[in-house]
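Colleague: Need coordinates for the following:
(one chain, ligands or ions: 1)
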Amino acid sequence: MDSLYNLTDVQHKEVLIAYRNSLDNIRQLIAQLYVQYAVDGKLNMVELNKYNRLMAIEKKIMEEVKNLGTIELKQVNLILPEIYKQAYYQSAYIIESTAQTAISFTLLKPEFVKEAVTYNWSGVPFSERIWSNHDSLVRSLRTELTRGIIEGESIDKVARRMKKTFDSKAYESRRLIRTESSRVISAAQDKIYNDSAVVEELIFTATLDSQTTYGCRKLDGKRFKKDDPNKPTLPRHVNCRSCYIPYIEGLTYTTRKDNESKKLTTYKNYDEWYNNKVKK
Ligand SMILES: [Zn+2]
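Modeller: Model (predicted):
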């Protein structure tokens, strides 16, 4: 399912570009403020509070961030259904080619996919999490600006801190889409494993690279009954890329992807792969 995470990253680039544009726009607003009202490179609160000048700028910042939130939500709403569909059909293909038999699976209806990806799995739907990230972005930007005015900071200093704030929010946005993708892949796989009727057991499959967490390394290659209540739920953690592949009686996997060399390697579990790599 690595290719789906790549797809997620590629499509999420649009969102990162929107973050950069928003930051540029806000920096321009701040620059205007300095050009118009700064004396010796410093802003003055009393001056800025005249005629609600500061409030007007804050309102513009808020609008800018709201616009960014709309773009982000729109893009996430495009990405997740696509990931769900691809995960479902790719997994169907894997089962068919592994079991060497045609399986029954459904053609996914758009309404069904929409419902599956917006399913409220953690108590907070992703749209709300996106909006709360953006609310906190607005708050941080206001704090940075106020601090800059009170402490008489230069425009460079204020602009640099705003960039930092944006960078960390862009990072959070990326983490959110990755976690959501992982959840969606897992939901799509659950569905196809149930629909197919040939899959009874699943193999926990981590990614063969150095970023994999300790817990996922240890679970890699372990087999679980499909309905085992102790089967780890995916994603196991933020940024988790692990998935389940079908185990089919009498069939064994001969190869899997080494995500460091990006090549296929003979099938080994994480520990075997790691030990083999270190010995070399
Ligand atoms: Zn993991």
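Colleague: For the rest of this, base every contact and every neighbour count on C-alpha atoms.
Modeller: OK.
Colleague: so is the closest residue to the ion within the stretch 101-250 of the chain in a helix, a strand, or just coil?
Modeller: Across the stretch 101-250 of the chain, no residue is closer to the ion than Cys240, which sits at 3.6 Å (Cα to the ion). Assigned by DSSP: H, G, I helix; E, B strand; the rest coil, the conformation of Cys240 is coil.
Colleague: number of nearby residues for it?
Modeller: Other residues near Cys240 come to 21 when the count uses other Cα atoms under 10 Å.
Colleague: I'd say it and Ser182 touch.
Modeller: Yes: in terms of Cα atoms under 8 Å, Cys240 counts as a neighbour of Ser182; the distance is 6.9 Å.
Colleague: How about the residues of the stretch 151-280 of the chain by the ion?
Modeller: 216, 240 (Cα under 5 Å from the ion).
Colleague: run the last query once more with 6 Å
Modeller: Residues of the stretch 151-280 of the chain lying close to the ion by Cα under 6 Å from the ion are 213, 216, 236-237, 240-242.
Colleague: Now which of these would you call buried?
Modeller: 213, 216, 236, 240-242 (16 or more other Cα atoms under 10 Å).
Colleague: sorry, back to before: run through the residues that contact the residue of the stretch 101-250 of the chain closest to the ion.
Modeller: Cys240 is in contact with 179, 182, 212, 234, counting by Cα atoms under 8 Å, 6 or more residues apart in numbering.
Colleague: just to confirm, which helix or strand has the second one in it?
Modeller: When you say that, I think you mean Ser182. Assessed by DSSP states H and E, Ser182 sits inside helix 155-196.
Colleague: related to what we said a few turns ago, can you list residues touching both of Cys240 and Ser182?
Modeller: Counting by Cα under 8 Å, 6+ apart, the shared contacts of Cys240 and Ser182 are Leu234.
Colleague: out of the contacts of Cys240, which is most surrounded?
Modeller: Top of the contacts of Cys240 by neighbour number is Ser182, holding 29 neighbours under the definition other Cα under 10 Å.
Colleague: In this structure that residue contacts Pro235, no?
Modeller: Yes: with contacts counted by Cα under 8 Å, Ser182 reaches Pro235, the gap being 5.8 Å.
Colleague: Looking at the chain, which helix is longest?
Modeller: Counting residues, the longest helix in the chain under DSSP state H turns out to be helix 53-99.
Colleague: Report the buried residues of the first helix or strand past that one going along the chain.
Modeller: Next along the chain after helix 53-99, taking DSSP H and E as the criterion, comes helix 110-118. Of all the residues in helix 110-118, those buried under the rule 16+ other Cα under 10 Å are 113, 116-118.
Colleague: which residues touch helix 110-118?
Modeller: Contacts with helix 110-118, where a contact means Cα under 8 Å, 6+ apart, come from 80-81, 84-85, 125-126, 184, 187.
Colleague: any weak-confidence spans in the stretch 151-280 of the chain?
Modeller: 279-280 (pLDDT under 70).
Colleague: From the chain's centroid, how far away is the helix or strand hosting Tyr274?
Modeller: Secondary structure from DSSP H and E places Tyr274 in helix 270-279. Between the centre of helix 270-279 and the centre of its chain there are 29 Å (Cα atoms, centre = their mean, to the nearest Å).
Colleague: Could you list every helix and strand in contact with it?
Modeller: helix 214-219 (3 or more Cα pairs under 8 Å, 6 or more residues apart in numbering; DSSP states H and E).
Colleague: Return the residues in contact with Ile30.
Modeller: Applying Cα under 8 Å, 6+ apart to Ile30 gives the contacts 155, 159.
Colleague: Report the separation between it and Glu153.
Modeller: 12 Å (Cα to Cα, to the nearest Å).
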